[in-house]
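A.B. asks: what would the 3D arrangement of this be:
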Amino acid sequence: MMIITKYDKNPLYTDCDYNRIIESSGEKERVSARDSFERDHGRIIHSTAFRRLQAKTQVIGIEEGDYHRTRLTHSMEVAQIARGIVIHLNENSPILKNIEAAIDNSLVETASLAHDIGHPPFGHKGERALNKMMIKANAYGFEGNAQTFRILTRLEGYESGGMRLTRATLFSLLKYPIVFSDAINKEFYNDEKNHVKPPKANVYDEDQETLHWMLEPYNHDEKKYILNSFPTDKHTKTDNKTLECSIIELADDIAYGSHDIQDGMKLGFISILDLQVILNSMVRLHPELKELLNPVIMNREEPDSPGEKYLLKRFFADLINHLITSVNLVEVKSDYSPRFRYKAILPPSHRDLLDSLKVHLVEQKVIKSQQVQTMEWKGGFMVERMFDAMMNENLLLPPDIRKQWSLYEGVNARLVCDYIAGMTDSYALTMYSRLFDTKSSHLFDI
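C.D. replies: Numbers count the residues shown, from 1 in each chain. Take a look at the predicted model:
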């Protein structure tokens, strides 16, 4: 049974959370069964950018079959896990009970579904290839989270304001609340082996006006809190985010450390022994995690019967549930606005477990495997060649983009970047073939 708790007057949300940067004509007067966050949900799921996620790489390329996760199924699973966290916190958090409030599940699900909407084709290599080409064109750079913000606030929807989402929805997606150029460590960036890796930033310099609008209602200390950042030996990093964003980040990590492992096991990158080693090492460090260990799974060799495979699937379901029900709500500062006053966290032992699963299994065994790296490298190479071709001949671009062409290289580079970033893997493969393969193609195959 799905449980969503709502209060007539919910102290977690104030009037400014429901504001949109530009209100559509009659928006506030419209009679609707849906509230503002539900309308945001509709705008996301009916958007072109959201539908394109079905043909974008999550970890394994879409050309490798139809079993493993795509960006779309990953986003749906993140939304499901985030809903579970919200239900758990709404039912069990002493903080929420004390203030008679509830986290809005529609808001969290909406932002969860949209959190990867800006990721380009071919995974992280596609992202780095676009960043490399943008730097080459003296146009700051490219980053998937910043592209998400750009799509939602500029590229899709209305001519101004993009999808015109509520302030609370946009804040729920602001995982890295910093402007791109402010996040760059120039010394690190200028090292040739590092310059393709973008900083983690949610806002391009061209789009920071919307960030300023988002921050308008808050006082100096709250703005300082959410924009707080610190330099590292690489790029500048942020360390704060809103309540709903902290929930979505946990849900994303949980999906990454469970569902992506299942894909890796199905395709033979990860063995059950690999999983057992990680789990046993974590239990030695954190005995309180012992309840996680399904003795049937921990004593199994590779599952080959339907019954054994079901036990493995049930183990991951139990793991996800255990992590969800271990999430706590903590208060950051009592006099902050609700967006910044609270955040969701995992206990250190559970955080260590999740990080170990992500790093030692997904990253080391799958992402850095020869097979995945070969396909990602190919994707990055194709992105670079298409970018060069389109910068040198704007007739290769659709008419609506071509008419925005200017005398400024940086402006044109962003136009090309937006176009390529919006491609699905399959469309990018077709476009590349059309541009560079010598075999015949058809006039309307793109």
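A.B. asks: I117 contacts I45, doesn't it?
C.D. replies: No: between I117 and I45 there is no contact under C-beta atoms under 8 Å: 10.9 Å. In short, each C-beta sits where N, CA and C put it, glycine included.
A.B. asks: between these two, which is the more surrounded one?
C.D. replies: Neighbour count, other C-beta atoms under 10 Å: between I117 and I45, I117 has more, with 27 against 13.
A.B. asks: what's the pLDDT at that one?
C.D. replies: With respect to pLDDT, I117 scores 95.
A.B. asks: give me phi/psi at it?
C.D. replies: Dihedral pair for I117: phi -60, psi -20, per degrees, to the nearest 10.
A.B. asks: do you know how far it is from S349?
C.D. replies: 33 Å (C-beta to C-beta, to the nearest Å).
A.B. asks: just the CA trace of whichever strand or helix holds I248, in CSV.
C.D. replies: Per DSSP states H and E, I248 falls inside helix 243-256. Extracted in CSV, the C-alpha atoms of helix 243-256 (Å, rounded to 0.1, in the frame of the first residue of the first chain):
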residue,chain,number,x,y,z
LEU,A,243,16.5,18.4,2.3
GLU,A,244,14.8,16.8,-0.7
CYS,A,245,18.1,16.9,-2.7
SER,A,246,19.8,15.0,0.2
ILE,A,247,17.1,12.3,-0.1
ILE,A,248,17.5,12.0,-3.8
GLU,A,249,21.3,11.8,-3.6
LEU,A,250,21.0,8.9,-1.1
ALA,A,251,18.4,7.2,-3.4
ASP,A,252,20.8,7.6,-6.3
ASP,A,253,23.7,6.1,-4.4
ILE,A,254,21.5,3.2,-3.2
ALA,A,255,20.4,2.4,-6.7
TYR,A,256,24.0,2.7,-7.9
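A.B. asks: same for it, what does it pack against?
C.D. replies: Here helix 243-256 touches helix 71-92, helix 105-114, helix 167-172, helix 306-324, helix 338-341, strand 342-345, going by 3 or more C-beta pairs under 8 Å, 6 or more residues apart in numbering; DSSP states H and E.
A.B. asks: list the buried residues for the first one?
C.D. replies: Judged by neighbour count using 16 or more other C-beta atoms under 10 Å, the buried positions of helix 71-92 are 71-79, 81-90.
A.B. asks: cool, and stretch 361-368?
C.D. replies: So, applying 16+ other C-beta under 10 Å, buried residues of stretch 361-368: 361-362, 365-367.
A.B. asks: poorly predicted segments of the stretch 1-150 of the chain, please.
C.D. replies: For the stretch 1-150 of the chain, the stretches flagged by pLDDT under 70 are 1-8, 24-33, 57-68.
A.B. asks: show me where it has helices.
C.D. replies: For the stretch 1-150 of the chain, the helices defined by DSSP state H, counting those that start in this stretch cover 36-45, 48-52, 71-92, 94-99, 105-114, 123-136, 144-150.
A.B. asks: between those, which one is closest to R341.
C.D. replies: Proximity to R341 (C-beta to C-beta) singles out helix 94-99 among the helices of the stretch 1-150 of the chain, at 9.4 Å.
A.B. asks: re earlier: right, and the helices of the stretch 1-150 of the chain - which one's nearest S258?
C.D. replies: S258 lies closest to helix 71-92 among the helices of the stretch 1-150 of the chain, at 8.7 Å (C-beta to C-beta).
A.B. asks: tell me what angle that closest one forms with helix 105-114.
C.D. replies: 150 degrees (axes from the mean of the first three to the mean of the last three C-alpha atoms, to 10 degrees).
A.B. asks: helices or strands up against helix 71-92?
C.D. replies: If you count contacts as 3+ C-beta pairs under 8 Å, 6+ apart, helix 71-92 packs onto helix 105-114, helix 243-256, helix 259-266, helix 306-324.
A.B. asks: where does the stretch 151-300 of the chain dip in pLDDT?
C.D. replies: Low-confidence segments of the stretch 151-300 of the chain, defined by pLDDT under 70: 192-195, 294-300.
A.B. asks: ranges for the helices of it?
C.D. replies: Taking DSSP H, counting those that start in this stretch, the helices of the stretch 151-300 of the chain run over residues 167-172, 180-183, 186-189, 208-215, 220-226, 243-256, 259-266, 272-285, 295-298.
A.B. asks: will you turn the ones you listed into JSON lines that also has distance to D425 and mean neighbour count?
C.D. replies: Putting these into JSON lines (distance: least, C-beta to C-beta, whole Å; neighbours: other C-beta atoms under 10 Å) gives the following:
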{"stretch": "helix 167-172", "distance to D425": "27", "mean neighbour count": "26"}
{"stretch": "helix 180-183", "distance to D425": "25", "mean neighbour count": "20"}
{"stretch": "helix 186-189", "distance to D425": "28", "mean neighbour count": "14"}
{"stretch": "helix 208-215", "distance to D425": "29", "mean neighbour count": "16"}
{"stretch": "helix 220-226", "distance to D425": "34", "mean neighbour count": "15"}
{"stretch": "helix 243-256", "distance to D425": "19", "mean neighbour count": "24"}
{"stretch": "helix 259-266", "distance to D425": "16", "mean neighbour count": "21"}
{"stretch": "helix 272-285", "distance to D425": "28", "mean neighbour count": "16"}
{"stretch": "helix 295-298", "distance to D425": "34", "mean neighbour count": "14"}
